[in-house]
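**Q** sequence first, then the predicted structure, then my questions.
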2 protein chains.
Amino acid sequence: MRRDVFQAIADPIRRDIIELLATETLSVNEVAEKFKISRPAISKHLKILNECGVIKFNQIGRVRLCLMQPQKLIPAFLWINQYNKLWENRIDSFENYINELQTKNEKK
Amino acid sequence: MRRDVFQAIADPIRRDIIELLATETLSVNEVAEKFKISRPAISKHLKILNECGVIKFNQIGRVRLCLMQPQKLIPAFLWINQYNKLWENRIDSFENYINELQTKNEKK
DNA sequence: TATAAGTGTAACCATATGGTTACGCAAATA
DNA sequence: TATTTGCGTAACCATATGGTTACACTTATA
């Protein structure tokens, strides 16, 4: 099984967990409470996130704190970002098209 | 099954297909030739990419051209990009830590 | 018109994913 | 010490993924 950042963010629940952990460090139970699915299901997602390196655990007594490792998102950012020129050009040409339409209408 | 941009880019083969189609429009066979896996396997990946909206097909006779739809990557970009302050701060604080170490060493 | 080329898809397979309930165990607490 | 709390994980299930080979169909070509 693939254990990289792209796998980590492929699941919507895992993206929501990341969103939570971006602002605060939470225990496993605290994360689980935020979702409707069972605690073991959340545990599995946390395990995958950990194996993908996106979160780290910090065990304090019987409490396991989940810490986000935001640097691990960078490769995904870089991969997607290499195409932004591509979609910007698309949007530019769309805007040009809109502008053209407007110019035509103004002429009428 | 989830059919969104995050699902599209979760698989390394699909990311490679996107990389190919970013620079040129290729037929299904032309895409398949670039990989070691079978043509039906590539067909499946192309189908998923299409269902995720990341590519479009343009049928010309018996040839099916695959066109990238780069705007569909934008939601993934935006999602990841919301965390760049987070990892930049991490890197900043790492750099500060390095700088501190260097300053300490210089004082010795 | 017979054949080749380009492609989809069915059938199959092994494994992964994403969920559940049930249970166990260590740490904290009464 | 007995009980509660926090959590992992096993066992199970349904479905998805990612690959294969075999076959069918349409379009182009000889």
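**A** Happy to help now that I have it.

**Q** chain B contacts on chain A?
**A** By the rule CB under 8 Å from any CB of the partner chain, the part of chain A lying against chain B is A:2, A:6-7, A:9-12, A:15, A:18, A:22, A:68, A:70-71, A:73-74, A:76-77, A:79-81, A:83-84, A:86-87, A:90-91. In this view, the C-beta of every residue, glycine as well, is placed from N, C-alpha and C.

**Q** PyMOL command to pick out the buried ones of those residues?
**A** To isolate the buried members of those in PyMOL, using 16 or more other CB atoms under 10 Å in any protein chain shown:
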select buried, chain A and resi 6+7+9+10+11+18+68+70+71+73+74+76+77+79+80+83+86+87
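
**Q** just the ones of the residues of chain A next to chain B in helices?
**A** Under the assignment DSSP state H, those contribute A:6-7, A:12, A:15, A:18, A:22, A:74, A:76-77, A:79-81, A:84, A:86-87, A:90-91 to helices.

**Q** how far does stretch A:33-40 sit from its chain's centre?
**A** Chain-centre distance of stretch A:33-40: 19 Å, with CA atoms, centre = their mean, to the nearest Å.

**Q** please see if it touches DNA strand C.
**A** Yes. Applying CB under 7 Å from any atom of the strand, one finds stretch A:33-40 touching DNA strand C at A:36-38, A:40.

**Q** in chain A, where is pLDDT below threshold?
**A** Where chain A drops to pLDDT under 70, the residues are A:90-108.

**Q** and the residue of it closest to DNA strand C?
**A** When distances are taken as CB to the nearest atom of the strand, chain A reaches nearest to DNA strand C at A:G61, 2.2 Å away.

**Q** how many other residues sit next to that residue?
**A** By other CB atoms under 10 Å in any protein chain shown, the residues close to A:G61 number 5.

**Q** how far away is it from A:S27?
**A** Look at A:G61 and A:S27: by CB to CB, to the nearest Å, they are 11 Å apart.

**Q** kindly report the same for A:Q59.
**A** A:Q59 sits at a distance of 10 Å from A:S27 (criterion: CB to CB).

**Q** neighbour-wise, which of the two wins?
**A** Remark: of A:Q59 and A:S27, A:S27 carries more neighbours, 15 against 8, as counted by other CB under 10 Å.

**Q** need the contact list for the more buried one.
**A** A:63-66 (CB atoms under 8 Å, 6 or more residues apart in numbering or on different chains).

**Q** show me what from chain A comes close to DNA strand C.
**A** Residues of chain A found near DNA strand C (CB under 7 Å from any atom of the strand) are A:1-2, A:7, A:10-11, A:13, A:36-38, A:40-41, A:44-45, A:48, A:60-62.

**Q** which of these fall within strands?
**A** A:I60 (DSSP state E).

**Q** which among the residues of chain A next to DNA strand C count as buried?
**A** A:7, A:10-11, A:45, A:48.

**Q** tabulate these (a markdown table), appending distance to A:V54.
**A** Output for these, formatted as a markdown table (distance: CB to CB, whole Å):
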| residue | distance to A:V54 |
| --- | --- |
| A:Q7 | 10 |
| A:A10 | 12 |
| A:D11 | 12 |
| A:H45 | 11 |
| A:I48 | 9 |
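
**Q** that'll do, ta.
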